[in-house]
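Asker: Structural data only, the sequence is not supplied:
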């Protein structure tokens, strides 16, 4: 059974920002301004090498100052924010080797070797009520950076996989990058899930309730320093990685927990409704791949009910196509070819209007397939 690539979503949750301008010496401000003029403009007018040159010089100057001035310590937010900016520029240049290098540098500045190796060190810090606010914020920044590092390894692995068709030696590089991506996604998951579970059980004990192995995933029970957007972003990103690597049994519970945090769009707000529909498209897709037709049909129908509420929203529209296709796959597998044909045609029509050539081809292939089978 072939599943349409599930809808994507705008879950990011992680941002890095430069500090206030007065934190930087005059010479650094000049470099940052020049770097911004080269980078922060329309793509056809960007000068990315120039931006890298300016930002790198600024970082070197700040690091030199930091040897004698604690205000410019290596893990200061206005410096790690600059490193994240440099990584973003390299990402736009397609230089994934440097993206990986910059994010690892950023993580090392905040976590050190031990923190990068053992996520439990960060869990213990986050659970310490006496932890200074700036240290807690730095750990949250590190969490976002670790997620970005995992994404960079994932992209580099995918690129190596494509190249391995012509260059077999690239296969080993692809596997190594996939392992690193998996490691960092799991690092993030451990930090969030162990912190959340300990925090949740503390609340349970305060209320005279028994502790549990799994928290409720009610957004009201999250620690105050974890936003719903950050946690759902992490769960979603890790789930899509595992699903893309045929680890559906790892992906599915992460998607379900993210959906719980979104309360399945129960608030009726466009953002939560459409994001919930996207999560359901991934769950439908996962169950199509597992050939669990009952679950796939359930998620498809529930997701479609949400996606229909905001047809002008890009996330709702993308998930509507994916969910319609998945419902067609369910009917096809059950031998209900007429019902499958209706779903595939509807998905093809909307995908065509959207200009999604990949989805159009998949639906056309599906229609051809059931015509031969009927």
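Answerer: Thanks, I have the structure now. These numbers were taken from a predicted model, which means no experiment stands behind them.

Asker: make it CA atoms for all contacts and neighbour counts henceforth
Answerer: OK.

Asker: Let me see the ranges of the strands in the stretch 1-150 of the chain.
Answerer: For the stretch 1-150 of the chain, strands defined by DSSP state E, counting those that start in this stretch do not occur.

Asker: Low-confidence stretches in it?
Answerer: For the stretch 1-150 of the chain, applying pLDDT under 70 flags the ranges 1-19.

Asker: At which residues are the helices of the stretch 101-250 of the chain located?
Answerer: Listed in chain order, the helices of the stretch 101-250 of the chain (DSSP state H, counting those that start in this stretch) span 120-126, 133-163, 170-206, 228-244, 248-261.

Asker: how about those in TSV, adding mean neighbour count?
Answerer: As requested, these are arranged in TSV below (neighbours: other C-alpha atoms under 10 Å):
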stretch	mean neighbour count
helix 120-126	18
helix 133-163	21
helix 170-206	19
helix 228-244	22
helix 248-261	20
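
Asker: which one of those lies closest to residue 24?
Answerer: Counting by C-alpha to C-alpha, residue 24 lies closest to helix 133-163 out of these; the figure is 18.7 Å.

Asker: Tell me which other helices or strands that closest one touches.
Answerer: Counting contacts by 3 or more C-alpha pairs under 8 Å, 6 or more residues apart in numbering; DSSP states H and E, helix 133-163 packs against helix 96-117, helix 120-126, helix 170-206.

Asker: could you measure the closest residue to residue 74 other than its chain neighbours against residue 128, distance?
Answerer: In space, residue 74 comes closest to residue 109 once its chain neighbours are excluded; the distance is 5.8 Å by C-alpha to C-alpha, 6 or more residues apart in numbering. Per C-alpha to C-alpha, to the nearest Å, residue 109 is found 21 Å from residue 128.

Asker: Between those two, tell me which one has more neighbours.
Answerer: Set residue 109 next to residue 128 and count neighbours by other C-alpha atoms under 10 Å: residue 109 wins out with 17 against 11.

Asker: Let me see the contact set for residue 131.
Answerer: The contact partners of residue 131, taken as C-alpha atoms under 8 Å, 6 or more residues apart in numbering, are residue 125.

Asker: Find the nearest non-adjacent residue to residue 125, please.
Answerer: residue 131 (6.6 Å).

Asker: So what does the one you found look like in phi/psi?
Answerer: phi -60, psi 130 (degrees, to the nearest 10).

Asker: what's the pLDDT at residue 285?
Answerer: With respect to pLDDT, residue 285 scores 89.

Asker: How about residue 374?
Answerer: 68.

Asker: How about residue 230?
Answerer: pLDDT, read off for residue 230, is 87.

Asker: Against residue 222, how distant is it?
Answerer: In terms of C-alpha to C-alpha, residue 230 sits 11 Å off from residue 222.
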